[in-house]
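> Test case, fold it:
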Amino acid sequence: MNIQDSKILNPQLTLVRLGQMDVPQMASIEVSAHSHPMSEGNLADCFGTLYRVYGLSLAGEMSAETLIGFAIIQQILDEVTLLDICLAPEHQGYGYGKLLLSEVIEAAKTSGAVVVMLEVRESNLAARTLYQTMGFNESGRRKGYYSADDGREDAILMDFTITSE
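Predicted coordinates:
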């Protein structure tokens, strides 16, 4: 974790820019939280010049920080794509995902983006509800895009228009 690029969100939470050394922790969270997780190799590939990886760190025992979630974004010109947002299952349901997504939107706005785009599995109702609550709108569908345990599953495309306010 890169402490120089951190932001204290509240006494218990810190937003940090992650580096490749954080990939094993990210992969552990990814495997525990997603039915079809990204591989360590794919996660490691997300540290190029067009990418930013943010982690949510929770202060733990003896002041040690523990990564509880992360978000990977890619920016091309004025468009940001949220490639992955993942929160450890034991930390879901406390508003941390909403907080992390809010920070992603703020980072996109700060970097001059006008839109944040994402895709989500049709079956991921919790994520879809969060995105809708945060102001994302459904903008399309990719039929049979994801592999699923029982065949294929659609990807729901969503976007959030960033306003100057």
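> Would you mark the buried spots in stretch 123-130?
Within stretch 123-130, the residues that count as buried by 16 or more other C-beta atoms under 10 Å are 124, 127-128, 130. C-beta coordinates here come from the backbone N, C-alpha and C atoms, glycine included.
> which residues in the protein form helices?
For the chain, the helices defined by DSSP state H cover 23-33, 40-44, 96-110, 125-133.
> quick check: angle from the last one to helix 96-110?
Read it as helix 125-133. Relative orientation of helix 125-133 and helix 96-110, computed by axes from the mean of the first three to the mean of the last three C-alpha atoms, to 10 degrees: 40 degrees.
> and helix 125-133, what other elements does it pack with?
Applying 3 or more C-beta pairs under 8 Å, 6 or more residues apart in numbering; DSSP states H and E, one finds that helix 125-133 contacts helix 96-110, strand 115-121, strand 151-161.
> Tell me who's in contact with residue 91.
By C-beta atoms under 8 Å, 6 or more residues apart in numbering, residue 91 lies in contact with 58, 68-69.
> Let me have the residues you listed in JSON lines, extended by distance to residue 157.
JSON lines is the format used below for these (distance: C-beta to C-beta, whole Å):
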{"residue": "58", "distance to residue 157": "31"}
{"residue": "68", "distance to residue 157": "27"}
{"residue": "69", "distance to residue 157": "23"}
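> So for this protein, the centremost residue is which one?
Per C-alpha atoms, centre = their mean, the C-alpha nearest to the average position across the chain is that of residue 85, at 2.1 Å.
> Quick check: it touching residue 97?
Yes. Taking contacts as C-beta atoms under 8 Å, residue 85 lies within contact range of residue 97: 6.9 Å.
> Return every residue with contacts to both of these two.
Residues touching both residue 85 and residue 97 by C-beta under 8 Å, 6+ apart: residue 69.
> quick one: buried residues of stretch 146-157?
For stretch 146-157, by 16+ other C-beta under 10 Å, it's 146, 153-157.
> That one spans what distance, first to last residue?
Start-to-end span of stretch 146-157 (C-alpha to C-alpha, to the nearest Å) is 13 Å.
> Can you list the neighbours in contact with that stretch?
With C-beta under 8 Å, 6+ apart as the contact definition, stretch 146-157 has outside contacts at 35-36, 117-123, 128, 138-145.
> Widest-spaced pair of the buried residues of stretch 146-157?
153 and 157 (13.6 Å; C-beta to C-beta).
> picking up where we left off before, using TSV, please lay out the helices of the chain together with mean pLDDT.
Below are the helices of the chain laid out as TSV (pLDDT from 0 to 100):
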stretch	mean pLDDT
helix 23-33	92
helix 40-44	92
helix 96-110	92
helix 125-133	94
